[in-house]
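1. sequence unavailable; structure follows:
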């Protein structure tokens with residue numbers, strides 16, 4: 001077992017290469033590193049490599065990261081002021097033009113970057129200020145820019161450079177080695193990090209038990225034999241299991257394509273009614289069973305009464321709905337049939353979210369008890385993605401952080417707007433689209449809460465998805481990292497953070513924001529105010 005040394009007592013001492021933090025996960029960003037592809041922006045941020053203009057802190061508040069302020073110029077136009085002296089990992093400054101180039105390229109190459117506000121057109125009207133014009137209005141641009149696709153980068157030939165606390169040292173299959181970004185504040189206090197990818201949660205747990213990890217993110221609650229998977233980790237020397245309720249939600253997404261049994265609303269409603277969410281919660285040893293898309297600690301949470309259903313299963317009600325859909329029970333075979341064919345459903349999921357693979361057979365058993373023939377397919381993400389793209393599924397068990405940027409519009413637009421980048425159900429509803437537009441226009445917090453509830457109800461009426469639960473996640477943490485105060489939060493979007501260090505930051509707060517000197521609208525107003533303040537200062541100081 002590797003000897004781990006607590007470093008918290010070192011104060012502001014510099015970290016060294018011998019202090020490497022070993023992190024185990026069941027996923028890594030794709031290789032070569034490319035933020036314009038798929039969900040790589042998410043994984044790069046979770047690895048501590050990339051950053052956005054804004055982000056969400058531990059308290060769920062939107063805070064500046066590369067940017068320091070955003071102000072509305074007109075209905076579709078915003079000015080975003082950058083922090084001064086911010087640098088990419090090669091030491092070159094983060095300019096307004098570099099930010100504009102990154103956001104425009106993301107809008108062109110990554111469908112995930114065309115969501116809440118439609119397509120962005122980004123310009124650099126002056127040094128230090130980025131102007132964003134969108135096709136859909138919003139009153140929460142800071143939250144939009146905190147959405148995971150909008151990472152800021154620049155290109156150095158075929159390589160991408162980022163602004164996060166870490167940069168890539170070496171990247172081979174299954175292992176990513178990071179070193180502190182020397183141009184990030186307090187780099188000398190930061191550890192080198194090695195991230196290793198494990199095939200599944202059982203392999204990750206075994207590595208944690210063997211003392212091979214400082215952070216094991218995250219652990220399965222059951223092992224391959226169906227036994228308690230957490231207890232052996234808890235019993236291991238030098239390891240603490242930290243558990244927390246996450247912003248992720250487990251859900252079943254229905255394939256609504258024509259010709260699928262799940263194209264029928266009654267079939268989707270029957271499955272939703274049959275699923276026993278309380279049983280799933282018990283199976284996963286924690287979490288919160290719910291039909292709400294948003295966690296109970298957020299203002300966007302919808303109660304069981306509001307979502308129109310109990311969390312326990314209702315087999316009789318589900319059977320009635322299947323009868324109404326024409327799938328009647330054959331008393332001889334015990335199977336649901338229609339026009340001479342059995343009702344057969346293919347459920348797929350992926351192994352990088354261990355809880356999904358644990359819940360899938362429980363749901364399958366529930367459906368089989370109704371007379372449905374069920375095929376279960378557990379794959380890695382690549383294999384599951386291939387099935388999704390081929391539309392070769394009836395039910396997709398999926399996990400999603402529904403509030404990665406603190407506001408619900410991103411998730412709702414990506415998953416339920418017609419043509420949305422993550423609309424894997426294939427929902428096309430003018431009613432839902434109109435209500436999403438209204439949410440985009442809602443300005444006050446109270447209006448956004450009300451508009452979110454309206455969208456939520458409209459989506460559930462179409463039943464493209466069955467939300468199941470907000471799970472608890474469990475992370476193995478070595479004694480060393482416990483001593484350094486490592487706490488998991490924010491699901492898996494903030495695994496590796498700037499605060500994994502051997503001392504407290506001594507970096508001063510950024511200076512006040514600047515604003516354009518020659519732009520119209522809000523930028524010109526800010527410039528006049530700044531100019532007047534400078535004049536007054538000159539008078540009193542001289």
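-> Thanks, I have the structure now. Since the model is a prediction, treat every value here as computed from it, not as a measurement.
2. what sits against the residue most central in space within the chain?
-> For the chain, the residue nearest the mean C-alpha position is residue 401 (4.1 Å; Cα atoms, centre = their mean). Residue 401 sits next to 246-249, 411, 491-493 when contact means Cβ atoms under 8 Å, 6 or more residues apart in numbering. Any C-beta I mention is one placed from the backbone N, CA and C, and that applies to glycine too.
3. export those to a markdown table and tack on secondary structure and neighbour count?
-> Converted to a markdown table, those look like this (DSSP: H, G, I helix; E, B strand; the rest coil; neighbours: other Cβ atoms under 10 Å):
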| residue | secondary structure | neighbour count |
| --- | --- | --- |
| 246 | coil | 22 |
| 247 | coil | 23 |
| 248 | strand | 24 |
| 249 | strand | 25 |
| 411 | helix | 25 |
| 491 | coil | 23 |
| 492 | coil | 23 |
| 493 | coil | 19 |
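4. and the two most separated of those?
-> The span of those, defined through Cβ to Cβ, is set by 411 and 492 at 15.6 Å.
5. make sure residue 399 is indeed in a strand.
-> Yes - assessed by DSSP: H, G, I helix; E, B strand; the rest coil, residue 399 belongs to a strand.
6. wouldn't it be in contact with residue 252 here?
-> No - counting by Cβ atoms under 8 Å, residue 252 is not a contact partner of residue 399; they are 10.9 Å apart.
7. just want to know which of the two has more residues nearby.
-> A count of neighbours by other Cβ atoms under 10 Å puts residue 252 above the other of residue 399 and residue 252, at 25 against 19.
8. in stretch 198-215, which residues are buried?
-> 198, 200-202, 204-209, 211-215 (16 or more other Cβ atoms under 10 Å).
9. which ones among those residues map onto strands?
-> Secondary structure defined by DSSP state E assigns residue 215 of these to strands.
10. report the contact partners of the residue lying closest to residue 362 once chain neighbours are set aside.
-> What sits nearest to residue 362 in space, not counting adjacent residues and going by Cβ to Cβ, 6 or more residues apart in numbering, is residue 283, at 5.6 Å. Residue 283 is in contact with 221-222, 358-359, 362, counting by Cβ under 8 Å, 6+ apart.
11. tell me the one of those residues nearest residue 460?
-> Among these, residue 359 lies closest to residue 460 (Cβ to Cβ), at 20.1 Å.
12. how about the closest one, secondary structure?
-> Quick answer, by three-state DSSP: residue 359 is helix.
13. residue 281 is in contact with that one, correct?
-> No - here residue 359 does not reach residue 281: they are 9.8 Å apart, not a contact under Cβ under 8 Å.
14. the two: who's more crowded?
-> Higher neighbour count among residue 359 and residue 281: residue 359, with 25 against 21, using other Cβ under 10 Å.
15. residues contacting the more buried one?
-> By Cβ under 8 Å, 6+ apart, the contact list for residue 359 reads 250, 280, 283-284, 397, 468.
16. from residue 371, how far out is it?
-> Using Cβ to Cβ, to the nearest Å, residue 359 is found at 21 Å from residue 371.
17. now the strands for the stretch 201-350 of the chain?
-> Here the stretch 201-350 of the chain has its strands, by DSSP state E, counting those that start in this stretch, at 215-217, 239-245, 248-254, 288-289, 328-329, 336-338, 341-342, 344-350.
18. list the buried residues of the last one.
-> When burial is assessed from 16+ other Cβ under 10 Å, strand 344-350 yields the following buried residues: 345-350.
19. export these to JSON lines and tack on distance to residue 435?
-> Output for these, formatted as JSON lines (distance: Cβ to Cβ, whole Å):
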{"residue": "345", "distance to residue 435": "29"}
{"residue": "346", "distance to residue 435": "31"}
{"residue": "347", "distance to residue 435": "29"}
{"residue": "348", "distance to residue 435": "29"}
{"residue": "349", "distance to residue 435": "29"}
{"residue": "350", "distance to residue 435": "30"}
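20. could you identify the most distant pair in those?
-> Longest span within these, Cβ to Cβ: 345 and 350, 17.7 Å.
21. burial of the closest residue to residue 36 other than its chain neighbours, as a residue count?
-> Leaving aside its chain neighbours, residue 36 sits nearest to residue 109 (4.2 Å; criterion: Cβ to Cβ, 6+ apart). Number of residues near residue 109 (other Cβ under 10 Å) recorded here: 13.
22. wait, isn't residue 109 in contact with residue 34?
-> No - using Cβ under 8 Å, residue 109 is not in contact with residue 34, being 9.2 Å away.
23. can I see the domain layout of this protein?
-> 14-30+164-245+472-511, 51-150, 248-470 (automatic domain parsing).
24. all helices of the stretch 251-400 of the chain, in order?
-> 265-274, 277-283, 304-307, 315-324, 354-369, 381-389 (DSSP state H, counting those that start in this stretch).
25. for stretch 384-398, what is the average pLDDT?
-> Regarding stretch 384-398, the rounded mean pLDDT is 97.
26. what does stretch 57-66 give?
-> When pLDDT is averaged over stretch 57-66, the result is 87.
27. same thing with stretch 194-207?
-> The pLDDT scores in stretch 194-207 average 93.
28. and the contacts of that stretch?
-> 20-28, 47, 174-178, 213, 216, 218-220, 223-224, 229, 232-233, 351, 354, 476, 496.
29. can you rerun that using 7 Å?
-> Identification of contacts with stretch 194-207 by Cβ atoms under 7 Å, 6 or more residues apart in numbering yields 20, 22-28, 47, 174-178, 213, 216, 219-220, 223-224, 229, 233, 351, 354.
30. again with stretch 94-102
-> With contact meaning Cβ under 7 Å, 6+ apart, stretch 94-102 is reached by 66, 82, 86-88, 122-124, 127-130, 152-154, 163.
31. at 6 Å what do you get?
-> 86, 122-124, 128-130, 152-154 (Cβ atoms under 6 Å, 6 or more residues apart in numbering).
32. stretch 445-460 too?
-> With contact meaning Cβ under 6 Å, 6+ apart, stretch 445-460 is reached by 299-300, 302, 408, 412, 416, 431-432, 435-436, 438-439, 442.
33. can you check stretch 249-262 too?
-> Counting by Cβ under 6 Å, 6+ apart, 263, 267-268, 343, 391, 393-400, 402, 424-426, 464-471 sit against stretch 249-262.
34. how many residues are close by the spatially closest residue to residue 358 that is not a sequence neighbour?
-> Of all residues not flanking residue 358 in the chain, residue 222 sits nearest, at 5.4 Å (Cβ to Cβ, 6+ apart). Residue 222: 19 surrounding residues under other Cβ under 10 Å.
35. can you name the residues bridging to residue 222?
-> Counting by DSSP bridges, residue 222 is bridged to residue 228.
36. was I right about it contacting residue 232?
-> No - Residue 222 is beyond contact range of residue 232, at 11.5 Å (criterion: Cβ atoms under 6 Å).
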